[in-house]
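Participant: sequence below, structure please.
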Amino acid sequence: MNKRIGLALAMLVCCHAHALQVTLYGGISRTAVDLGTLHISNEEADSLHTKNENEGTIGAGLSWQLDCNQKNGFWLISSLLIGLNYFHFDTEPEGVVWLYGLPQFANYQYQLSLKTDRLLLNGQVELFPFWKTIHPYVEAGIGASAIRSQYWEQPMVEAGVFDGNLIFSSRTNHQFVYSLGAGIKKQLSPNWVVSFSYNFTDFGTIHAGPYDNDLVIQQPLPIDLRLHTALFGIGYQWM
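Facilitator: From the prediction side, this is the model:
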């Protein structure tokens, strides 16, 4: 542990302030939504079946760039960026409900609305460039997220079912979130830079509910939410 702290301090000592950078992001996120069991009662536990969706995502970042001396002994590291990143993402996965977890009772369909905002303290390590202006980099971030969820289901008329709507009122979860990523940057000019990256984000387990007063549900619906995101960024640096 002490060696790691010493290594990090040595890297910072060998770097000097260089630029303030603002970046705008846009991209596509593929959701990995794992819905838990919907416990209606002690006798009924329904399973939910869905497919992953691709949706757009937007974001912005503000970071401070520290340039590293090439003779610092960390010859792979060109610069460090430390700052804040904000992202917004919406998705509405839908699928089929198996009553009692049995496929022969697939008589209902559901829809889940998820609206997410996350703010991350982000660290990025740029490696020395190849082809002069293209920098590979890795990054990691930790922070907090607000996730607004609402769940509802309705009978499938084609299955011969005509009643039994189930609606949960909306709920907001505040979650710890972390992100890992890697990508490349290209310096277009002394001030402008573009980036292409992949990011993995884990929101942990959230819960949908509470539910309306006319329904008695044994427990909230657990939802594991993760994102796989392809991002394009364009940034401006103040030297």
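Participant: what are the buried residues along the host helix or strand of K115?
Facilitator: Here K115, judged by DSSP states H and E, is contained in strand 108-127. By neighbour count with 16 or more other CB atoms under 10 Å, strand 108-127 contains the buried residues 108-110, 112-116, 118, 120, 122, 124-126. From N, CA and C alone the C-beta is placed, and that goes for glycine too.
Participant: output the contacting helices and strands for it.
Facilitator: For strand 108-127, the packing partners by 3 or more CB pairs under 8 Å, 6 or more residues apart in numbering; DSSP states H and E come out as strand 15-35, strand 54-68, strand 77-91, strand 94-98, strand 134-155, strand 171-187, strand 192-208, strand 221-238.
Participant: what lines up beside it in the sheet?
Facilitator: Sheet pairing of strand 108-127 (DSSP bridges) gives strand 77-91 (antiparallel), strand 94-98 (antiparallel), strand 134-155 (antiparallel).
Participant: any idea which of those has the lowest pLDDT on average?
Facilitator: With a mean of 88, strand 94-98 has the lowest mean pLDDT of these.
Participant: who's the residue nearest to the spatial centre of the chain bridged to?
Facilitator: The structure's the chain has its C-alpha centroid closest to T201; by CA atoms, centre = their mean the separation is 3.7 Å. Using DSSP bridges, the bridge partners assigned to T201 are S179, L227.
Participant: that one touches F176, doesn't it?
Facilitator: No: between T201 and F176 there is no contact under CB atoms under 8 Å: 11.6 Å.
Participant: list the contacts for S195?
Facilitator: S195 makes contact with T23, Y137, G183, I184, K185, K186, L231, F232, G233, I234, G235 under the criterion CB atoms under 8 Å, 6 or more residues apart in numbering.
Participant: apply 6 Å and report the result again.
Facilitator: Contacts for S195 (CB atoms under 6 Å, 6 or more residues apart in numbering) come out as G183, K185, G233.
Participant: for L48, find the nearest of the helices and strands packed on strand 108-127.
Facilitator: L48 sits nearest to strand 15-35 of all those, at 4.2 Å, using CB to CB.
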